[in-house]
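J.: sequence? don't have it. structure:
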């Protein structure tokens, strides 16, 4: 039997905290290990091991979520951290990613989006809400140079289109629907893209494609 995905939720709004807990409890293969209203509460845990994924708010009482990721990622080295917040300003997005966040979701994400993001981050991806992904793309978009020309020449037209949609934060099933192909074909295209670009995940591919 496949092991459960274990999660911790760090969110000071009880309503949101319990909504997330309910979503994961209702999802087969997912288990909520604990919920916390602050980073300090999570730090008080006596166990030395982390969990698979932590969902972290930014606006928390006491230590904020960005510093929380920085602190907890040093303690729970095998844990993936997903920001779950209303903050989508450039400074918060990039501070969180620099601190060690593996993905960035806005609180207007649907329950399906959140569940998909948890699975994606454990598969090596960097899930982001669409508007956040666009901010990242704009930040890393320089003028076209020799490295960009080499990448453009290596990728087929369809692979380039898949990468553009991936950069916008679309899920595999959304890319498939947009392009009129199967989700399996999308995964094959992405596998080839990563191989051609010598990268391991979405963030690396987007950064390299836009020249950073």
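T.: It's in. Please read all numbers here as calculations on a predicted model, not as lab measurements.

J.: What's the separation between residue 132 and residue 113?
T.: 12 Å (Cβ to Cβ, to the nearest Å). Backbone N, C-alpha and C define where each C-beta goes, glycine included.

J.: Who has more neighbours out of the two?
T.: Under the criterion of other Cβ atoms under 10 Å, the comparison of residue 132 against residue 113 puts residue 132 first, with 24 against 17.

J.: how much space between that one and residue 74?
T.: Per Cβ to Cβ, residue 132 is found 24 Å from residue 74.

J.: Residue 36 now?
T.: From residue 36 to residue 74 the distance is 17 Å (Cβ to Cβ).

J.: what ranges do the strands span in the chain?
T.: Ranges of strands within the chain are 5-10, 30-36, 53-56, 80-85, 103-106, based on DSSP state E.

J.: Turn the ones you listed into CSV, columns for mean pLDDT.
T.: Shown next, in CSV, are the strands of the chain (pLDDT from 0 to 100):
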stretch, mean pLDDT
strand 5-10, 96
strand 30-36, 94
strand 53-56, 96
strand 80-85, 95
strand 103-106, 92
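
J.: and the ones you listed as CSV, adding distance to residue 21 and mean neighbour count?
T.: Formatted as CSV, those follow (distance: least, Cβ to Cβ, whole Å; neighbours: other Cβ atoms under 10 Å):
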stretch, distance to residue 21, mean neighbour count
strand 5-10, 6, 22
strand 30-36, 5, 18
strand 53-56, 10, 27
strand 80-85, 13, 26
strand 103-106, 16, 23
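
J.: okay, those in TSV with distance to residue 182 next?
T.: Below are the strands of the chain laid out as TSV (distance: least, Cβ to Cβ, whole Å):
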stretch	distance to residue 182
strand 5-10	25
strand 30-36	26
strand 53-56	27
strand 80-85	27
strand 103-106	25
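
J.: Out of those, flag the one nearest residue 23.
T.: Between residue 23 and the strands of the chain, the shortest gap by Cβ to Cβ is with strand 30-36, which sits at 8.6 Å.

J.: Next, the angle from that closest one to strand 5-10.
T.: Angle between the axes of strand 30-36 and strand 5-10 is 20 degrees (criterion: axes from the mean of the first three to the mean of the last three Cα atoms, to 10 degrees).

J.: and strand 30-36, which strands flank it?
T.: Here strand 30-36 is paired, per DSSP bridges, with strand 5-10 (parallel).

J.: if we look at the partner strand, which residues are touching it?
T.: With contact meaning Cβ atoms under 8 Å, 6 or more residues apart in numbering, strand 5-10 is reached by 17, 20-21, 24, 29-39, 41-42, 50-57, 60, 65, 68, 118-119, 122.

J.: how distant is that strand from the center of its chain?
T.: Relative to the centre of its chain, strand 5-10 is centred 14 Å away, using Cα atoms, centre = their mean, to the nearest Å.

J.: Stretch 87-101 now?
T.: 12 Å.
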